[in-house]
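Please work out how this folds:
(2 chains)
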Amino acid sequence: QKEVEQNSGPLSVPEGAIASLNCTYSDRGSQSFFWYRQYSGKSPELIMSIYSNGDKEDGRFTAQLNKASQYVSLLIRDSQPSDSATYLCAVEPDTGFQKLVFGTGTRLLVSP
Amino acid sequence: DAGITQSPRYKITETGRQVTLMCHQTWSHSYMFWYRQDLGHGLRLIYYSAAADITDKGEVPDGYVVSRSKTENFPLTLESATRSQTSVYFCASSERNGGISYEQYFGPGTRLTVT
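The predicted model follows:
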């Protein structure tokens, strides 16, 4: 069973701070990694995709991938109250052919 | 409008009834997916389709049937609904080019309650 683990939180940060969200996965051969944001009662919304080791930046968001350690993280700089949501990590296993495995999500709370 | 839509958005049905959830996408994506989301389990894949007339089981397929006669549509049928199928159902679509999987985009979801 392929697994993706996330701390359920809540992770509480003050407005303007950096929020760091982490995810570990069990399938060493995984190739594709995604971060989704989900507001309460809404559908998951794609934030970032990352495929290679290292950092990938998009605006206030940075995804970090370390395949050797089997973890992927998401940094949110200058956190805003509107960033308060559940963040889902998704991993495509080596033989998954787009059959993503999702973590249960980390709830982020950004206080004004 | 372009994108991915689901209908109905809310559905209440009784145990034993047949229910069909609809999903429609306008991107001409090859891949389509059905997930259910439950507290404590996160998103779990029910079925997916790589193209018209090609479908395969995901992690939790029991009690569900899918079809895909047209690229843009991917209905999910609960043949005989059970209370354990009370959940929020999301449809998603994506594309794949060679060995790279592109991002999956989700529909707005259908909240299904089985009484």
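
next structured bit after the helix-or-strand element of chain B with minimal mean pLDDT?
Least confident helix or strand, chain B: strand B:100-101 with a mean of 68, by mean pLDDT, DSSP states H and E. Downstream of strand B:100-101, the first helix or strand assigned by DSSP states H and E is strand B:105-106.

List the contacts of that next one.
Residues from elsewhere that reach strand B:105-106 (Cβ atoms under 8 Å, 6 or more residues apart in numbering or on different chains): A:36, A:43-46, B:3-4, B:27, B:90-94. Using the backbone N, CA and C atoms, a C-beta is placed for each residue, glycine as well.

and if we set it to 7 Å?
Applying Cβ atoms under 7 Å, 6 or more residues apart in numbering or on different chains, the external contacts of strand B:105-106 come out as A:Ser43, A:Pro44, A:Leu46, B:Ile4, B:Phe90, B:Ala92, B:Ser93, B:Ser94.

got it, and stretch B:47-64?
Under Cβ under 7 Å, 6+ apart, the answer for stretch B:47-64 is A:98-99, B:30-34, B:36, B:44-46, B:66, B:68-71, B:74, B:76-79, B:82, B:85.

CA atoms only for it - export them in PDB, please.
The C-alpha coordinates for stretch B:47-64 follow below in PDB (Å, rounded to 0.1, in the frame of the first residue of the first chain):
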ATOM      1  CA  TYR B  47     -12.200   4.600 -10.700                       C
ATOM      2  CA  TYR B  48     -10.200   6.200 -13.500                       C
ATOM      3  CA  SER B  49     -10.200   6.300 -17.200                       C
ATOM      4  CA  ALA B  50      -7.300   6.800 -19.600                       C
ATOM      5  CA  ALA B  51      -9.500   7.400 -22.700                       C
ATOM      6  CA  ALA B  52     -13.000   6.700 -24.000                       C
ATOM      7  CA  ASP B  53     -13.900   3.100 -23.400                       C
ATOM      8  CA  ILE B  54     -10.900   2.500 -21.200                       C
ATOM      9  CA  THR B  55     -11.500   2.400 -17.400                       C
ATOM     10  CA  ASP B  56      -9.800   0.800 -14.500                       C
ATOM     11  CA  LYS B  57     -10.400   0.300 -10.800                       C
ATOM     12  CA  GLY B  58      -8.800   2.500  -8.100                       C
ATOM     13  CA  GLU B  59      -8.400   1.900  -4.400                       C
ATOM     14  CA  VAL B  60     -12.100   1.600  -3.500                       C
ATOM     15  CA  PRO B  61     -14.200   0.400  -6.500                       C
ATOM     16  CA  ASP B  62     -16.700  -1.900  -4.800                       C
ATOM     17  CA  GLY B  63     -20.300  -0.900  -5.300                       C
ATOM     18  CA  TYR B  64     -19.500   1.500  -8.100                       C
END
